[in-house]
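>>> Got a sequence here, can you model it:
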Amino acid sequence: MRTLICAVFLAAGLSAQGNGGHDSGEKVDLYTINRIRNEAFQNSKVMENAFYLTDVYGPRLTGSPGIQAAAEWAVRRFNEWGLSNARLEKWGPFGRTWYCVRFTAHMKEP
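Residues are numbered from 1 along each chain as shown. The predicted structure follows:
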């Protein structure tokens, strides 16, 4: 995951270099940049959030109980973070939905 975060910062840095090497006259706020980097590397909740969305709430087919539970979890998480107006919105209709009741797998070889 650290590699992904580094890749995002690298991509953002490379895309910001599109000015042809000319100084824009804008002063770079290194203090703020370092605060953002420290937050990303020291206090990241990416793995915790990924765990909840993949392992706790599992498959999320359109209209399934899993997608509803994951969406409600996301709204709760946004509210915990202090985002205002976090809510679910209606979308669809999608007709019939389904979810997996039982799954089996048979190993043929170790």
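
>>> how about the helices in the chain?
2-15, 30-42, 46-51, 65-80 (DSSP state H).

>>> most tightly surrounded among the ones you listed?
Of all those, helix 65-80 carries the top mean neighbour count, a mean of 14, counting by mean count of other C-beta atoms under 10 Å. From N, CA and C alone the C-beta is placed, and that goes for glycine too.

>>> What lies in contact with that one?
With contact meaning C-beta atoms under 8 Å, 6 or more residues apart in numbering, helix 65-80 is reached by 49, 52-53, 56-61, 86-88, 99.

>>> Among the helices of the chain, which comes closest to E109?
helix 46-51 (30.7 Å; C-beta to C-beta).

>>> Which strands and helices lie in contact with the closest one?
Using 3 or more C-beta pairs under 8 Å, 6 or more residues apart in numbering; DSSP states H and E as the contact test, no helix or strand touches helix 46-51.

>>> Could you pull up the mean pLDDT of it?
With pLDDT averaged residue by residue, helix 46-51 scores 92.

>>> how distant is it from the center of its chain?
8 Å (C-alpha atoms, centre = their mean, to the nearest Å).

>>> Go through stretch 84-99 and flag the buried ones.
Buried positions in stretch 84-99, judged by neighbour count with 16 or more other C-beta atoms under 10 Å: none.

>>> Mean pLDDT per helix and strand in this protein: which one sits at the bottom?
helix 2-15 (a mean of 67; mean pLDDT, DSSP states H and E).

>>> Who are the contact partners of F94?
Counted by C-beta under 8 Å, 6+ apart, F94 has contacts 62-63.
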